[in-house]
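Asks: Sharing a model prediction with you, sequence too.
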Amino acid sequence: MIVFVMTFLKALHVLTAVMLVGPLMSAPFIGRRAIQRRSADGVRMAANQTRLFGAGTLLTALLGVATLLASDGKYEFRTPWVIISMTLYVVALALVFFYAVPALLKAARMVSEGVIDAQPEASALTATADDLRLKEHLDAITGRVAGAGLLVLLVFAVITLLMVIRPF
């Protein structure tokens, strides 16, 4: 019976990882593209998806903990790869909720307020210094969103490798 429960929990853990962590990896990059297109609605949607899938990964983590508890002592919370994985997961959530989502929401506000176009050549003659400064700031936010998305992707890749290899 315990083997069935363990297998079922592992399957649910992997399924939720695919269904929730996977979309979380793409949402910041979708937001980045929406910022570049100057689509405030697209940026807000990406921020909401990032927040929703970030929160959804809690289910994946809980199923991972349940799998660990059902492992009949094979793995414990003090196992190094488990500690490292859980720590990296907290880092990933911090990047999502305290860096990527606020940056996307700020970018959505800026886009909806009308930051000048991505190619300012046509409007450069009429752009003010404030307009150009806002565009520069929005471009910096775009880079930060992409960087945060890439870091989250790398963190989850390391977590996945640790779970597969179990090096310690």
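Replies: Perfect, thanks for sending it.
Asks: Do you know the pLDDT at residue 129?
Replies: If you check residue 129, the pLDDT there is 80.
Asks: Next: residue 38.
Replies: 92.
Asks: Isn't it up against residue 111?
Replies: Yes. In this structure residue 38 lies within contact range of residue 111 using CB atoms under 8 Å: 5.3 Å. Glycine gets a C-beta too; all of them are placed from N, C-alpha and C.
Asks: Looking at those two, which is more packed in?
Replies: Using other CB atoms under 10 Å as the criterion, residue 38 and residue 111 rank with residue 111 on top: 22 against 18.
Asks: Run through who's touching the helix or strand where residue 87 lies.
Replies: Here residue 87, judged by DSSP states H and E, is contained in helix 80-95. Helix 80-95 has contacts (CB atoms under 8 Å, 6 or more residues apart in numbering) with 54, 57, 61, 68, 75-77, 148, 151-152, 155-156, 158-159, 162-163, 165-168.
Asks: list the buried ones in the helix or strand immediately after it in the chain?
Replies: Note on helix 80-95: by DSSP H and E, the next helix or strand toward the C-terminus is helix 101-113. Applying a neighbour-count criterion of 16 or more other CB atoms under 10 Å, one finds 101, 103, 104, 105, 106, 107, 108, 110, 111 buried in helix 101-113.
Asks: In contact with the closest residue to residue 43 other than its chain neighbours, which residues are there?
Replies: Using CB to CB, 6 or more residues apart in numbering and skipping the chain neighbours, the partner closest in space to residue 43 is residue 108 (3.9 Å). By CB under 8 Å, 6+ apart, the residues touching residue 108 are 40, 43, 44, 47.
Asks: May I ask which of those has the most neighbours?
Replies: residue 43 (31 neighbours).
Asks: wait, doesn't that one sit right on residue 37?
Replies: No. Under the criterion of CB under 8 Å, residue 43 is not in contact with residue 37, lying 9.0 Å apart.
Asks: and the contacts of residue 108 as JSON lines, adding distance to residue 25 and secondary structure?
Replies: Formatted as JSON lines, the contacts of residue 108 follow (distance: CB to CB, whole Å; DSSP: H, G, I helix; E, B strand; the rest coil):
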{"residue": "40", "distance to residue 25": "23", "secondary structure": "helix"}
{"residue": "43", "distance to residue 25": "18", "secondary structure": "helix"}
{"residue": "44", "distance to residue 25": "19", "secondary structure": "helix"}
{"residue": "47", "distance to residue 25": "15", "secondary structure": "helix"}
